Every structure is written in structure tokens, then in C-alpha cells.
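Chemist: this is a predicted model, with the sequence first.
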Amino acid sequence: MSPGARYVTDLIDACERYADRPAFGSGSWVLTHSEVLAWTYRLAGALADLGIRRGSGLACVSAGNPPETLLVRLAAHVLGARLTHVCVGPTTHGLEHLLQDCAPSLLVHDTPVPPAPAARIGLAALLELAAAREALPVEVAARDEDVARVTYTGGTTGRPKGVASTFAAMAARTATRDSGGSGSAGGSGPLVFVSTDSLSQRSGGRCLEQLRAGGRSEILHPFGTREFAEACRRLGPAATYLTPSMLYRLLDDPETADGVPGLVRVSYGDSPVHPERLRRALTRWGPGVRWTQGYGMNEAGVLSRLSPADHDAAASDRPELLGSAGRPAPGVEIEVRGAAPGATGEVWVRSPMVMAGYRNQPALTAGVLRDGWLRTGDVGHFDADGYLYLDDRVKDVVMVHGANIYCGPIETALTRHPAVARAAVVGRTDPVTGEAVCAFLVAAPGHAPTDAAAAEACALVAAELAPGQRPASVYWVAALPLTDRGKPDKRRLREIAAASAG
């Protein structure tokens, strides 16, 4: 029989090797690595008694970010189950479809869920069953070729689709992140990782990477600037991952605008960051904070990185790099297709980290996976030094008089105006031009949301891009609606724009 999946056995080995070190928790509740392993075995035994085996579907639906769901994930991995984890938030939609599509044998939840044919058990009840068991070792049943997780994505444009990733792909993603360097606290082990994002998405994986390296994770939820700052002060030196919206909130809070004591390393990504606001963070937070950007996606892990050295160069004599997604990550090939060298085209990638496919959607899978290459859905270009620049999403395009108008560059130009903190651009049906460009703006602190400021920001678009890309309509809003991933909810913005036209 082939050995257990390396992604899982490495985690088990780490729990044994770093037994007495803190592993993860929240506030005063912290487990050591040995306690994590004991809970993993107890939960694996309890789940096995409930019928979970290698290849079984297991769904975990939680309200917020309970750290205990990481224990459920580890137990599922040991058993070789196919895990789908959902952290329910204000913008979660399509949950009924998701639970039908992932076809779980068992549903674990701590919040009300739609009817589903699967057996179900409350998270608290499952933990109670596990606590009553002896922590006997459980052999790792997972194999590299098995599907480890089905993560649902695409919620901003329509019905969520399930991204199936194998244990082999998960191991490759971990190795790629390791090569990027997670930072250490002066040789005493990894920096404490302050987890700000959903455990069902990127932060869950990062917490397990910390576990594998013998490090500690502090899990926050929901994200708050003051709570984040307190955790960094208490546990620093600390590292974290921030979405752009979190970074903007920290910059806009007077308590954190000039830096967060204890925070020494920041990774960011998930959606395009506005270069001007990023430059402000680099300047205000100073050289004591090292920055890394990761361009990635659920379907393929991290594809490219903008390194700390790149950020240093951007802060001195290469400011244009702040608009870049960096260079391809180790083991990743990136091609820009359908365009001359240096011109904008579709971004395709190939690596061991690419998904197995979309669950139950063979036609959709065939449309994005071809000969080992993945069509990302992004459009971009390389510069002469091999840095990738993302110009937009293929689907995030407004067709004006039949011409493709990409939203990303317009958003960047709008935020160059000092009165604009955030901008999101969408299209709206127009009887004359087919579609019209609509911009939603959030005023920067200390600036009034006036018609004059909006006109000046739109003038920047016309000057930097072209007059035809100037927004036809502008709406000031107190805040942009966000998805659970912290991205502007463009589906909702399109609805608002369409209603405003009527």
C-alpha cells in the first residue's frame, strides 16, 4: 500500500516534534502541538464512528471562525475525507446549492443550515463525543491522489463552483509558500501568525503551515483594527495576512495609521491593492515591516510574488512595482496568451498546485484546464523585467460601444485623487453605448464626498487612460459592499447601478 499523503503525515510529525510548543488558539484558549494531535485523533475516531472514511464527503458549516474547526479539518485529513468548510458571513449565498453539490455523508455545524440529505451533528456535540474518547493514534488513510478539499468560489458572479484540490496539490502549495519565507523570531522559531481571515479559506491553510513549522497562530474573528493591534502587541513579533480592505481600515484608523507595534511581516493579496494606499502604508509603517504580495487563486494556490526586496525597490526608485503582482513563484509557469510580447492578454498557469477540476462540472473544467494549463480568468502583461501586471478579470470588463473597458485601471486612477479612499467600477446596461461605466467611491477621511471631487477624480481617469474610459455615473457610498473574502461585491454593485438607472 502506498504511504499516507505527505501533506498530512508532515502535520502529524510536526505535532509530535514540537509537542510542547503553543500551536493555535484565540485569546486565553490555546492548544499545544501535542494537544492538537490528541484532539485530532479523538475527532478522527468520533468521525469514523459516524461513518466517515477515506473518500467520504464531510461538510463543516460554522458561524464566524471557531478555532475548533481546524481540529475537524485535521481529523478529516487523517481519515482521507473530502472536506468542504464554510464560514457563514453576512454575504454568504448559495449555501443550499453548495451543500447539495459537495454531497457530504455528514454535516457538522454550529449555525442553522438549509435542509440537506446528509446526516448532521452539532459542532459542540461532536467535540463532546471526541472528548469522551481516548486519544489513540489513527493511521493516516489519505493518499496523495485523493481529493482533500472542495472549496467554493465564484460567488461574486453567480452560483458558487467547487474547486477540488488533492492532497498532492496541497503539499505543493505548502512547499511553494515555504520557499517564499515566513520569517522567524531571531532563530527561536516562526513568528506568531495573527490570523485575520476566514479559516475556510486562506487563513486556515496558513494556520496549518504554522503548525507544520512549529509555530503559533492567534485566530481573530471578526477582524477589528483595535483587536488586531492588541494581538500584535501582546504576541509580537508577529506576521499576518491582510486583504486590501483590512489594510485600508488600518490606515484609516488613527490608532493604527502610523503602524502596529509588534507587527513585522505582512503578506497581502486576494484582490488588487491600490498602489497609492500601499505606498502610504510602506511610508508610514516604516522599514521595520517587511511586505510580500501573493497573487493566487483557489484553483492553483500562489502563482506569483512581489518580494520584500521588490517593495524596498518600489519605495525608493521603482514605484511602478507596487502595481505589479510580482514574478512567478517557484515551480509555477505563467504565460500571457493572445497578445504580442508586453501587451495585455489572458493569463494561463501551469504547476503541481493546480486543482483537479470543478466538482460536478466537467464542461466548466474542460473550459479552464487544457493540457495541464489553467486559464485563470485574469488579463495582464509582463514587463521587460519579468514582472506580471494584472490589468483586470476577463469577466470584469465593461463593453462600451463594443470596446473592452477594464475596470481595474479605472479604479486605480480614481484612487489617485486625495478625496477617494476606495473605488469600485462596474458596468450598467445603456441603450446607446451597450454598457456604461459606473463608479462607486468611498471618501477618504477628512474629505467631503462632493460632486467637484468626483469630477476631478474622473478627470484623472480621462487624463491617465482615455476620455472614453471616464465613468458615466459616480456614486458616493459610506462603504463598499464586500463579499465574505473581503472583495468588493460587484454583483451587488451592478444591482445598485441598475436600480439607480431605472
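Modeler: Thanks, I have the structure now. Residues are numbered from 1 along each chain as shown.
Chemist: next, count neighbours for the nearest residue to Arg359 once chain neighbours are set aside.
Modeler: Distances taken as CB to CB, 6 or more residues apart in numbering place Gly162 nearest to Arg359, at 3.5 Å, with adjacent residues excluded. From N, CA and C alone the C-beta is placed, and that goes for glycine too. By the criterion of other CB atoms under 10 Å, Gly162 has 25 neighbours.
Chemist: swap in the one 5 residues further on?
Modeler: In terms of burial, Phe167 registers 24 neighbours under the definition other CB under 10 Å.
Chemist: pull up the gap between the residue nearest to it when sequence neighbours are not counted and Ala164, please.
Modeler: Leaving aside its sequence neighbours, Phe167 sits nearest to Ala5 (CB to CB, 6+ apart; 3.6 Å). The gap separating Ala5 from Ala164 is 15 Å, by CB to CB, to the nearest Å.
Chemist: what's the answer for Pro481, then?
Modeler: Between Pro481 and Ala164 the computed distance is 29 Å (CB to CB).
Chemist: can I assume Glu106 is in contact with Ala118?
Modeler: No, residue 106 isn't Glu; it's Leu. Yes: counting by CB atoms under 8 Å, Leu106 touches Ala118, with 6.0 Å between them.
Chemist: where do the contact lists of these two overlap?
Modeler: Residues touching both Leu106 and Ala118 by CB atoms under 8 Å, 6 or more residues apart in numbering: 57, 59.
Chemist: re the thing from before, partners of the host helix or strand of the residue nearest to Arg359 in the sheet?
Modeler: Applying DSSP states H and E as the criterion places Gly162 in strand 161-166. With DSSP bridges as the test, strand 161-166 is paired with strand 147-153 (antiparallel), strand 357-358 (antiparallel).
Chemist: Ala5 and Ala164: which has the busier surroundings?
Modeler: Ala5 (25 against 22).
Chemist: relative to Pro115, how far out is that one?
Modeler: 33 Å.
Chemist: just Arg54 next, same as before
Modeler: For Arg54, the distance to Pro115 equals 27 Å [CB to CB].
Chemist: between the two, which one's more packed in?
Modeler: The neighbour count for Arg54 versus Pro115, taken as other CB under 10 Å, is higher for Arg54 (14 against 9).
Chemist: surely the more buried one touches Glu139?
Modeler: No: at 10.6 Å, Arg54 does not count as touching Glu139 under the criterion of CB under 8 Å.
Chemist: low-confidence ranges in the stretch 301-450 of the chain?
Modeler: 393-395, 401-403 (pLDDT under 70).
Chemist: the same query, at a cut-off of 90, please.
Modeler: Applying pLDDT under 90 to the stretch 301-450 of the chain flags the ranges 317, 338-344, 377-379, 390-409, 412, 427-436.
Chemist: ditto for the stretch 51-200 of the chain
Modeler: Within the stretch 51-200 of the chain, the ranges that satisfy pLDDT under 90 run 64-65, 88-97, 114-117, 152-161, 173-190, 197-198.
Chemist: if we use 80, what do you get?
Modeler: The stretch 51-200 of the chain contains residues with pLDDT under 80 at 89-94, 153-160, 175-189.
Chemist: for it, which segments count as helices?
Modeler: Secondary structure of the stretch 51-200 of the chain, counting by DSSP state H, counting those that start in this stretch: helices at 68-79, 95-101, 123-131, 167-180.
Chemist: how about the second one: buried residues?
Modeler: Residues 95, 98-99, 101 are the ones in helix 95-101 that count as buried (16 or more other CB atoms under 10 Å).
Chemist: for the residue lying farthest from the centre of the chain, what are its contacts?
Modeler: Within the chain, the residue lying farthest from the chain centre (CA atoms, centre = their mean) is Val432, at 38.0 Å. By CB under 8 Å, 6+ apart, no residues touch Val432.
Chemist: now stretch 18-35: mean pLDDT?
Modeler: Rounded to a whole number, the mean pLDDT of stretch 18-35 is 96.
Chemist: same question, stretch 207-222
Modeler: What stretch 207-222 shows for mean pLDDT is 94.
Chemist: measure it end to end?
Modeler: End-to-end distance for stretch 207-222: 16 Å, by CA to CA, to the nearest Å.
Chemist: for it, buried residues please.
Modeler: 207-221.
Chemist: one more: stretch 491-502?
Modeler: Using 16+ other CB under 10 Å as the test for burial, stretch 491-502 gives 491-494, 496-497.
Chemist: you'd agree Ala384 is up against Pro341?
Modeler: No: with contacts counted by CB under 8 Å, Ala384 stays clear of Pro341, the gap being 9.3 Å.
Chemist: gap between Thr376 and Val432?
Modeler: For Thr376, the distance to Val432 equals 33 Å [CB to CB].
Chemist: residues in contact with the residue nearest to Phe167?
Modeler: 77, 80, 140, 142-144, 146, 148, 167-168, 171.
Chemist: in ChimeraX, how would I select just the buried ones from those residues?
Modeler: Buried members of these, defined by 16+ other CB under 10 Å, are picked up in ChimeraX with:
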select :77,80,140,142,143,144,146,148,167,168,171
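Chemist: what's the closest of the contacts of Ala5 to Trp348?
Modeler: Lowest distance from Trp348 to the contacts of Ala5 (CB to CB) belongs to Ala168, with 20.9 Å.
Chemist: contacting residues around that closest one?
Modeler: Counting by CB under 8 Å, 6+ apart, Ala168 makes contact with 5-7, 144-145, 352.
Chemist: please redo it, this time with the cut-off set to 6 Å
Modeler: Neighbour list for Ala168: Asp144 [criterion: CB atoms under 6 Å, 6 or more residues apart in numbering].
Chemist: all good on my end, thank you.
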